[in-house]
Every structure is written in structure tokens, then in C-alpha cells.
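Trainee: Model the following, please.
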Amino acid sequence: MTYASPVSQSGSLRHWLADPHPTSPFQARMHQSWRMWRKLRRNGSALLGLAILFVIVIAAVFAPLLSTHDLFAQDLGNRLSLPSAEHWFGTDELGRDIYSRLLYGARITLYIAALTAVISAPVGLVVGAVSGYFGGWIDTVLMRVTEVFLAFPSLILALAFVSALGPGINNAIIAISLTAWPPIARLARAETMIIRRSDYISVVRLQGASALRIITRHVMPMCVPSVIARVTLNMASIILSAAGLGFLGLGAQPPSPEWGAMLSSARQFILSNGFVAAAPGMAILLTSIAFNLVGDGLRDVLDPRHD
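Mentor: Residues are numbered from 1 along each chain as shown. Modelled structure (predicted):
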């Protein structure tokens, strides 16, 4: 006797995923993921953003294979050369290949953006959930602290923190993270204030669940979809802040191929050799636009009102 999987019984994987009556928790999760993918697939701008991000991630991961020159090799006799078959994006003021440096610079930019998101998202989620659930003086204290951070432009505040900590990539990540969590906290607080009045939260509370358990097991998971969409939208500002710090010499230090640092060294040649600054500038622009497009798509997909 042979065993027939749910996929073969339904006739196709697509039919099994789209089954409106899932028979197991696994199928329910797959069904929800399938519905989200179908909604995202109908969003052309989100798919465009995903495609751009995919290309950037592939370029960063396989930079050693895709690069054509040593990113640190200098050739002063071939400095500021125009794009050619040998140097696809030309060379900079020290004769270094711009294309190869862009590939490795994508690694630094994605590293800063990812690590900043990993740090700021949990902090903002916890602060917002605790503030929104307890209310009272706890909410007042936490929100006043949050508003102090929101009172300053993010780049100015990041400049202040990184000036105190010292230049460098790791200090730049810490400084940007300290400016990125307040909007997430405000969003999580608003979501929590709605969720805490739900009937199922009242039932869980009547069953004797502690406040810590309610927040971690019931409130925070409900806030995660909105936080994910918000963090994705914040990626563009994180990348711009990282590039701004690098441009001012407070982020990645030379000879690191960080895009902001590349712009800083190329700014004196913008009028005479604009291609030197155009390459890292376009890389920052495309990456920021891609994250914004994906964030808009995720916001629509994760919002139940858009079913």
C-alpha cells in the first residue's frame, strides 16, 4: 500500500496551497503564506523592488567572483579614466576600479542596514508594547523618552552619537540604531493599545496569564507584521544615514569602499569627471528606492483591510 501525499491527493501543489479549508497547522501556515505571495505578486512596484534588491544581494554575496580588479589596487597612471571594456564604470582619483569597489561596497551597506534593523526593531517593539499595554506613568515616561529622540532629525542625532563614540562602521551602526527605534516604538504602541482591548486578551487575562506572558506571547506577535513593514520602509533612511556618515568621514573609513565614502572622495571631481560620483550615487538611490517599493508592498500585503 502506497502513501499518497496531500499534494498528490489534491492534484497539484497550487491547489493544496490554495485550499480554503486547511487540515493541519502546517497547511494553514502555508495557505496564509500563499495568499500573501499572491497579493504581493499583483503589486508590480513591490516586485520591481524585490528584483532590484535581489540583484544587489547577489552582487554583494558574489562580489569576489563578479569583481574584475582588486578593490584596493591603485594605478595613478590610469586615474579618472572613462568607463571602458577594462574598467566598466571607470576609475577613481587613485586609479582604482569603481565597479569592483561598488560590489564590495554593497556588502558594507547591506551589513549596516541589516544589523541596524536587527537592533532597532526589537527595541522599538518592546518599548512600544510595554508602553501601550500598561499605560499610565509607564506609558508617559517611555513616550516622553521616545519623543526626545523624535525631536531631532535622525541624521543630526546620529552625527551627535557617532561623534561621541568615534568614527567607524560599528559605531555608525550603534548611532543609527539609536535613532531608528522611536518610530517603531510609536507604531507598536498604537497597535498594542488596540490589541489590549480585544476579547481574546481579556480571556487570556482571566485565565491568570501574567502581563509578561500576555505581552510576549499574544501582543508582540500581533504587532510583528506592522513592524516588519515599517522596518523595511525605514531601510531607505538607514542607508541614507549610513551614506551621510560615510560622506562626512564618521562612518566607514578609507580605503573602505563604502558608497558614502566613495561619494565623499569623488565630490571634487563632480564637474570634471561626474561618472566617479554618479556610480555610488546611483547605487544609493536604487537601493533606497527598492526598499521603499518593497516596504509599500509589504504594508499592503500584511494589512488585513487589503484582502
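Trainee: So Gly168 versus Val118, what's the distance?
Mentor: Distance, Gly168 to Val118, using Cβ to Cβ, to the nearest Å: 18 Å. Any C-beta I mention is one placed from the backbone N, CA and C, and that applies to glycine too.
Trainee: Between the two, tell me which one has more neighbours.
Mentor: Using other Cβ atoms under 10 Å as the criterion, Gly168 and Val118 rank with Gly168 on top: 16 against 12.
Trainee: who's in contact with the more buried one?
Mentor: Counting by Cβ atoms under 8 Å, 6 or more residues apart in numbering, Gly168 touches Gly251, Ala252, Gln253.
Trainee: and which of the residues you listed is nearest Val227?
Mentor: Checking the contacts of Gly168 against Val227 with Cβ to Cβ, the nearest one is Gly251 at 25.7 Å.
Trainee: Pretty sure that closest one sits in a helix.
Mentor: No - counting by DSSP: H, G, I helix; E, B strand; the rest coil, Gly251 is not part of a helix but coil.
Trainee: Point to the helix or strand of this structure where mean pLDDT is at its lowest.
Mentor: When each helix and strand of the chain is scored by mean pLDDT, DSSP states H and E, helix 6-10 comes last, with a mean of 44.
Trainee: how far out from the middle of the chain is stretch 254-263?
Mentor: 20 Å (Cα atoms, centre = their mean, to the nearest Å).
Trainee: What distance do you get for the residue nearest the centre of the chain to Ile284?
Mentor: Centroid-nearest residue in the chain: Met235, 3.9 Å away (criterion: Cα atoms, centre = their mean). Relative to Ile284, Met235 is positioned 12 Å away (Cβ to Cβ).
Trainee: Over to Arg79?
Mentor: 23 Å.
Trainee: ok, the two, which is more surrounded?
Mentor: Ile284 (23 against 17).
Trainee: now for whichever strand or helix holds that one, which elements pack on it?
Mentor: Counting by DSSP states H and E, the element that carries Ile284 is helix 275-302. Judged by 3 or more Cβ pairs under 8 Å, 6 or more residues apart in numbering; DSSP states H and E, helix 275-302 is in contact with helix 25-41, helix 44-61, helix 98-134, helix 220-247, helix 259-266.
Trainee: for that helix, the distance to its chain's centre please.
Mentor: The answer for helix 275-302 is 10 Å, by Cα atoms, centre = their mean.
Trainee: how about that helix: buried residues?
Mentor: For helix 275-302, the neighbour count (16 or more other Cβ atoms under 10 Å) marks 275-281, 283-284, 287-288, 290-302 as buried.
Trainee: Please apply the same query to stretch 212-226.
Mentor: Ile214, Ile215, His218, Val219, Met220, Met222, Cys223, Pro225, Ser226.
Trainee: Stretch 254-269 too?
Mentor: Ser256, Pro257, Glu258, Trp259, Gly260, Ala261, Met262, Leu263, Ser264, Ser265, Ala266, Phe269.
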